[in-house]
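Engineer: Provided below for reference: sequence and predicted model.
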Amino acid sequence: MKKILLTLMVLPICSFSQSKLNITGNTGVLSADKEIHLLLNATINYDITSNFRVGIDTYVSPFEVNNVKNHNNQFYAVVEYRIPKLNLLNNKLYISLIGGPGIINIGNKDNGKTEYSTILASKINYNISKKTTIGLKQGFLLNDINNAAFVGFFINYSF
């Protein structure tokens with residue numbers, strides 16, 4: 001009985017969010033401390049309006065120093081704003097701005113540091129279908145450990 005009630009409670013929420021939930025995957029490069037590293041990024045966003053999203057943005061950038069494998073993990077609560085005046089090609093091409101607070105954890109399994117961080121970024125988006133967007137995401141990850149710049153190619157899918 002509990003499973004049926006839980007299902008009945010979750011289904012309306014899922015059906016409501018189907019057109020508003022977005023998942024993005026991004027692969028690119030991160031420049032920190034005069035070094036270039038691989039960057040993997042995943043984002044889950046929820047559309048509040050057609051020009052305003054809130055979500056969680058995660059970044060992972062593994063790197064090696066003196067044959068020791070390190071990690072650079074970052075998590076952000078973000079707000080994304082689509083600039084209406086910069087919509088081109090019948091709203092297929094547009095620019096959005098991203099910002100928000102977060103945390104960074106950098107180091108290795110034996111030694112790591114955690115600090116507060118801030119993301120400031122922009123995206124150039126191109127809608128290839130009603131549910132799929134591709135583009136470039138670039139910006140800065142600002143913190144006391146290592147300020148970093150990044151750029152990457154992304155694919156976004158809307159449910």
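Structural biologist: Perfect, thanks for sending it.
Engineer: what sits against residue 115?
Structural biologist: 103-104, 143-145 (C-beta atoms under 8 Å, 6 or more residues apart in numbering). In short, each C-beta sits where N, CA and C put it, glycine included.
Engineer: filter the residues you listed to the buried ones?
Structural biologist: 104, 143, 145 (16 or more other C-beta atoms under 10 Å).
Engineer: So which of those are in helices?
Structural biologist: Among those, no member falls in helices (criterion: DSSP state H).
Engineer: Redo these as a markdown table? Include pLDDT and distance to residue 59.
Structural biologist: Below are the buried ones among the contacts of residue 115 laid out as a markdown table (pLDDT from 0 to 100; distance: C-beta to C-beta, whole Å):
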| residue | pLDDT | distance to residue 59 |
| --- | --- | --- |
| 104 | 92 | 9 |
| 143 | 89 | 12 |
| 145 | 80 | 13 |
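Engineer: Show the end-to-end separation of stretch 140-158, please.
Structural biologist: 25 Å (C-alpha to C-alpha, to the nearest Å).
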